Every structure is written in C-alpha cells, then in structure tokens.
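**Q** Structure here, sequence nowhere to be found:
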C-alpha cells in the first residue's frame with residue numbers, strides 16, 4: 001500500500017505520522033500521480049501546528065512532481081505525463097490525486113525533483129519580482145533569508161532583471177551561497193544591524209523593495225529601509241506573525257506600499273500558472289536559474305525535515321522522496 005504523511009492532531013513535528021494509505025482513484029478532472037518528490041515549505045509547518053487550521057485528520061504537503069499513472073473522466077492528460085503542481089493538500093505521499101487544472105507539464109530536460117523544488121517557492125519568487133514589485137534595471141532590493149529556498153531564487157530572478165540585490169543571512173556558509181546566487185552585498189544580521197547596513201549601502205536612500213518572508217523579527221527594521229514610494233512585501237512569517245500596523249507609519253516613511261501577498265492570487269487561472277512555470281522552466285533549461293536542493297528526506301524522515309526547516313538549519317529547497 002502507498003505511504004502518506006497525515007496529521008491527526010496539531011502540534012510539533014512529532015504529530016507527523018507516516019501511514020499506509022488506501023490506493024487512490026482519480027475523479028472527474030483529476031489525475032493520479034506517482035510522486036517522485038514533494039516539496040517541504042513553511043506553510044506546511046503552519047498547517048501542522050494549527051496556525052492555519054484544517055479539518056482533522058488531513059494529509060499534509062501542497063506541492064510535488066511525478067508521473068501520471070491514472071486519468072479521471074474529462075481530465076486532459078495521459079498516463080506517463082510528467083507533471084508538477086502546487087496547492088494540492090496531501091502531497092507528502094507516494095501517490096497524490098491532483099486536479100488536472102492545477103498541474104503543469106514538466107519539459108524534457110528538467111528533472112522532476114527540480115520541478116518539485118520550483119513550484120511553490122519558484123512561483124513565489126516569480127510573482128514577487130514581476131507583479132508585486134516589478135523589478136527594473138537599476139533597482140536596489142533587499143532579500144531576507146537570501147540563502148533560503150525562496151531567497152536564492154529571488155536573488156537570481158531580481159539580478160536577471162537588472163537589480164542590485166542586498167541579502168541578509170546568519171552564517172558565513174549562507175553568505176557564500178547568497179553571493180554565488182548574485183547578491184551584490186550580503187549582510188550578516190547576526191553580527192550587525194541590517195537596517196544600518198542597508199542605509200549605509202544606499203547612501204541613506206533605502207531600497208526600492210524589501211522582500212520579507214521572516215516576519216515579526218524583521219518587520220520594523222524592514223519598514224525603516226524602504227525608500228519613498230517603495231514596497232514592503234511581507235510574504236511569510238518564519239519568525240512569527242507581525243502585530244497590527246498603524247497605516248500612518250506608511251505615510252511617515254514616505255508614502256510606501258505594504259502588501260501581504262499569497263501565491264493563489266497570482267496563479268489564479270490555469271493560464272497564469274502555466275505562464276509563470278513556463279518562464280521558470282525555460283530559465284532552468286537555459287542555465288539561467290540554478291535550483292538548489294539543500295536536502296532530501298525519505299517520507300519516514302518527515303519529522304526531521306520539519307525540525308531542520310524550523311530550526312533554520314537549511315539552505316535551498318527541502319524535498320521528501322517517497
């Protein structure tokens with residue numbers, strides 16, 4: 001029987017259980033996929049902990065890639081198709097039933113593991129640099145956690161659009177990764193005040209955009225380094241949620257924009273999803289985008305994957321390999 005990870009009660013990584021699941025059958029408009037790799041993301045930890053409540057019990061994980069093994073009625077797909085997806089709960093599994101409208105084809109030359117690593121984090125990086133703040137030649141942007149899964153992709157995509165990227169990291173090894181990805185300046189926030197460092201690097205002007213997936217511990221300082229009419233994009237809360245904000249602070253900072261985007265609003269149609277993934281896959285095929293997989297775990301090691309992610313012991317993307 002195929003294995004799957006389920007959550008029967010919310011809590012720490014110890015609540016993640018690997019169980020034998022009943023074989024699945026795709027319904028109308030769905031495909032059954034033999035999962036080659038499933039992505040591990042911070043949102044999974046929020047689901048597991050109950051911060052984003054879901055009806056119990058539930059299968060966990062939102063993204064993956066694999067090969068279609070069965071096709072439901074009306075689904076425009078074929079057995080043997082290589083596909084990837086994000087947004088389908090229960091992806092930490094040997095088999096997943098996925099709405100065909102949520103899948104994208106994985107082109108020849110792109111490994112399934114790479115495709116799985118690109119879906120949620122790659123799409124997030126893509127919409128941040130193209131839609132939330134459309135990065136232009138000559139922009140200066142600040143990327144927090146620049147050696148993380150999203151951070152490394154954000155850095156590469158922003159640089160490719162002509163930006164000067166300032167990244168923040170916590171270790172020398174992570175600094176090397178961020179520099180290799182194209183960061184012009186890397187700030188060790190464990191050694192210096194990153195806001196002071198950013199102001200010095202920008203001659204006091206601040207940055208055109210801050211991409212902040214950290215949240216509570218970085219928000220106030222991030223806000224302070226956005227230049228007039230710039231953007232603070234708060235796309236995650238790895239350190240916890242940000243307390244309520246007085247909008248007057250945005251006025252005082254220089255008529256800046258604060259947004260809390262989520263991926264679903266930027267892949268709202270199959271066409272938009274396909275366009276964004278096509279951009280990412282073509283960049284991989286052209287050698288213009290390096291997708292770093294920091295660690296791979298068996299399904300049985302899922303607790304360790306969550307512990308490593310929450311303990312900030314990781315770089316790049318984490319994958320589960322059924």
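**A** Great, that's in hand. Everything numeric here is computed off the predicted structure, so don't read it as measured data.
**Q** got a list of what residue 290 touches?
**A** 152, 156, 181 (Cβ atoms under 8 Å, 6 or more residues apart in numbering). C-beta: built from backbone N, CA, C; applies to glycine.
**Q** In the host helix or strand of the first one, which residues have enough neighbours to count as buried?
**A** Residue 152 belongs to helix 149-160 when elements are defined using DSSP states H and E. For helix 149-160, the neighbour count (16 or more other Cβ atoms under 10 Å) marks 149-159 as buried.
**Q** What lies in contact with stretch 267-278?
**A** Under the criterion Cβ under 8 Å, 6+ apart, residues 84, 86-87, 101-102, 104, 118-119, 122-123, 126-127, 266 lie in contact with stretch 267-278.
**Q** avg pLDDT for it?
**A** What stretch 267-278 shows for mean pLDDT is 95.
**Q** before we move on, what about stretch 124-136?
**A** 98.
**Q** before we move on, back to that, kindly reformat the contacts of residue 290 as JSON lines and extend each row with pLDDT and distance to residue 187.
**A** Converted to JSON lines, those look like this (pLDDT from 0 to 100; distance: Cβ to Cβ, whole Å):
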{"residue": "152", "pLDDT": "95", "distance to residue 187": "16"}
{"residue": "156", "pLDDT": "98", "distance to residue 187": "18"}
{"residue": "181", "pLDDT": "96", "distance to residue 187": "15"}
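**Q** wait, which of these is closest to residue 199?
**A** Residue 199 has its nearest neighbour among the contacts of residue 290 in residue 181, at 23.3 Å by Cβ to Cβ.
**Q** Excluding chain neighbours, give the residue nearest to that closest one in space.
**A** Excluding the flanking residues, the one nearest residue 181 by Cβ to Cβ, 6 or more residues apart in numbering is residue 155, at 4.3 Å.
**Q** ok, now residue 21?
**A** Closest residue to residue 21 apart from its sequence neighbours, by Cβ to Cβ, 6+ apart: residue 4 at 4.1 Å.
**Q** and whichever strand or helix holds that neighbour, what other elements does it pack with?
**A** Applying DSSP H and E as the criterion places residue 4 in strand 3-7. Other helices and strands packing on strand 3-7, by 3 or more Cβ pairs under 8 Å, 6 or more residues apart in numbering; DSSP states H and E, are strand 16-20, strand 58-59.
**Q** angle of the helix or strand following the helix holding residue 152 against helix 149-160?
**A** Note on helix 149-160: by DSSP H and E, the next helix or strand toward the C-terminus is strand 164-169. With axes from the mean of the first three to the mean of the last three Cα atoms, to 10 degrees as the basis, strand 164-169 and helix 149-160 are set at 160 degrees to each other.
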